[in-house]
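Chemist: How does the following fold in three dimensions:
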Amino acid sequence: MMAWATYSAVKDVVLFLVAIYAAILSTVNFRQAARKERRSIRVSASTAMPTYGPALGPPFARLEAVNDGHRTVTVSLLTWQLPDKSRLVQLHRGGVPGMPDTELPARLTEGEVAHVSISYADLGGALLGRGITTKIKLVPVCEDTVGGRYIGKEWDVDPHEFVRMTNV
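Modeler: Residues are numbered from 1 along each chain as shown. Modelled structure (predicted):
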């Protein structure tokens, strides 16, 4: 009788461990499937400088939105957000000479990129025009057509320095 009780206890423990393993595996699979179906945009900011032979052109702030998910996403807005949550709207479109901005809205499949650029002078001038004269943090922001909002890493910007860098 003692052997039967031991077998029953071992059987119960093994069944319990299998049930726990199945629950963990099911949760992991569910999270991976949900992540795969979710829209995902990575937003970043960088500096671009055109070259003209041996000479460098003026610096540009370049915003990029990369679709790093599996679903197609239509990007409707790519801009800078100020600390008070207001946004800078770029009225002049053009981008870096030889690399025009992406027309928005832009439909991005997996791995595709949308980008917009603004010269440091225009960015610094826009901030100065809003009365911002000290160093601030700008956040690159992207929105899609279904209301998804994606933010990038903050950029420290001194409006006076941006204007000076262009006039050198």
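
Chemist: max-length helix in this structure?
Modeler: helix 2-37 (DSSP state H).

Chemist: what kind of secondary structure is His70 in?
Modeler: coil (DSSP: H, G, I helix; E, B strand; the rest coil).

Chemist: Tell me who's in contact with it.
Modeler: Counting by C-beta atoms under 8 Å, 6 or more residues apart in numbering, His70 touches 36-37, 110. C-beta here means a position set from N, CA and C on the backbone, and glycine is covered the same way.

Chemist: what residue lies at the spatial centre of this structure?
Modeler: Central residue of the chain (C-alpha atoms, centre = their mean): Val43, 2.0 Å from the mean position.

Chemist: Am I right that that residue is in contact with Glu64?
Modeler: Yes: counting by C-beta atoms under 8 Å, Val43 does reach Glu64; the two are 7.1 Å apart.

Chemist: Leaving out chain neighbours, which residue sits closest to the residue nearest to the centre of the chain?
Modeler: Gly152 (3.6 Å; C-beta to C-beta, 6 or more residues apart in numbering).

Chemist: repeat for Ile41
Modeler: Per C-beta to C-beta, 6+ apart, closest to Ile41 is Tyr150, 4.2 Å.

Chemist: Ok, Thr145 next?
Modeler: Thr74 (4.4 Å).

Chemist: That neighbour and Arg107 touch, don't they?
Modeler: Yes: when contacts are counted by C-beta under 8 Å, Thr74 is listed as touching Arg107 (4.9 Å).
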